[in-house]
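Engineer: got a predicted model here, sequence first, then my questions.
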Amino acid sequence: MNKINKESKLSAFVIIRELESRYGKEKADKLISYLDMVLERNQFINLTAIKDRDEALEKHVLDSLSVTELPEYAEADRIIDIGTGAGFPGALLAIVSPEKEFTLMDSTLKRLKVIDEFTSELGISNAHTVHARAEEVSRKPDYNAAYDMCVTRAAGNLEKLAGWCLPFIRKGGLLVAYKGENYREEIDAAAKAIKKNGGRLNRVVQTDEASGNISGHVLVLIEKIK
């Protein structure tokens, strides 16, 4: 995705133009439709604290899609989104990567029902939802070491995520945690939990380096080594 001037707030026109350039008009239209559905339903059920469309395009859509710039993402076939909420990033990733299989897990059933409704309406067939707590199912045979990548955006601090998410990932796979400005402190605090659950810090990626996103998130990449 082309660099975007970070000095000013991004306009919807600029964001949509970038999405069309990167993913094609058909996928960009689905991304926008999904977001508009979320914002409309947000009037009746709490799906997101962000109500402004331009802000949501930047802080939900661009931010969610920043993981697609990683080379490891291109190689991943099965991806699980822990704490998916309104489907960010899992539903959006399913739109732009129809060749991959996505599991969207959350402990709040009413949000998952909304995701099911929206993905069905938009013809997104490669994403399915699971109503469960990650810590309760991650070591069950159907889920344990069953995924190439786990993505998670606002589901908890990195210490908790290490225990919740790493069991889902096969050896050689990757946990990608979207984190804010305190990510260094979280990494330090999570060091023991990461090691205990078979992980190792791989690297930290500034999302705006690749995507032009200025939401403030970085991607903390934890590799599953045993």
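Structural biologist: That came in fine, so what should we check first?

Engineer: CA only for contacts and neighbour counts going forward, please
Structural biologist: Fine.

Engineer: so Gly172 makes contact with Ile222?
Structural biologist: No - counting by C-alpha atoms under 8 Å, Gly172 does not reach Ile222; the two are 10.0 Å apart.

Engineer: compare these two (neighbour count), which wins?
Structural biologist: More crowded of Gly172 and Ile222, by other C-alpha atoms under 10 Å: Ile222, with 24 against 12.

Engineer: okay, and that one sits in which element?
Structural biologist: Ile222 belongs to strand 218-224 when assigned by DSSP states H and E.

Engineer: max-length helix in this structure?
Structural biologist: Counting residues, the longest helix in the chain under DSSP state H turns out to be helix 25-41.

Engineer: following that helix, which helix or strand comes up?
Structural biologist: Following helix 25-41 in sequence, per DSSP H and E, is helix 53-56.

Engineer: on contacts alone, who are the packing partners of that next one?
Structural biologist: Packing partners of helix 53-56 (3 or more C-alpha pairs under 8 Å, 6 or more residues apart in numbering; DSSP states H and E): helix 25-41.

Engineer: and the contacts of the helix it packs on?
Structural biologist: For helix 25-41, the external contacting residues (C-alpha atoms under 8 Å, 6 or more residues apart in numbering) are 16, 19-20, 47-48, 51, 53, 56-57, 61, 86, 92, 95-96, 118, 122.

Engineer: mind checking which of those residues are buried?
Structural biologist: Listed as buried from those are 16, 19, 47-48, 53, 56-57, 61, 86, 92, 95-96, 118; burial here means 16 or more other C-alpha atoms under 10 Å.

Engineer: Val137: how many residues sit nearby?
Structural biologist: When neighbours are counted by other C-alpha under 10 Å, Val137 comes out with 15.

Engineer: an error on my part: the question was meant for Asp142.
Structural biologist: 10.

Engineer: what do you get for Arg203?
Structural biologist: Arg203, neighbours per other C-alpha under 10 Å, totals 10.

Engineer: which strand or helix spans it?
Structural biologist: strand 199-206.

Engineer: returning to that earlier point: and which of the buried ones among the contacts of helix 25-41 is nearest to Ala127?
Structural biologist: Ile95 (8.9 Å; C-alpha to C-alpha).

Engineer: wait, that closest one sits on Gly123?
Structural biologist: No - taking contacts as C-alpha under 8 Å, Ile95 lies outside contact range of Gly123: 9.3 Å.
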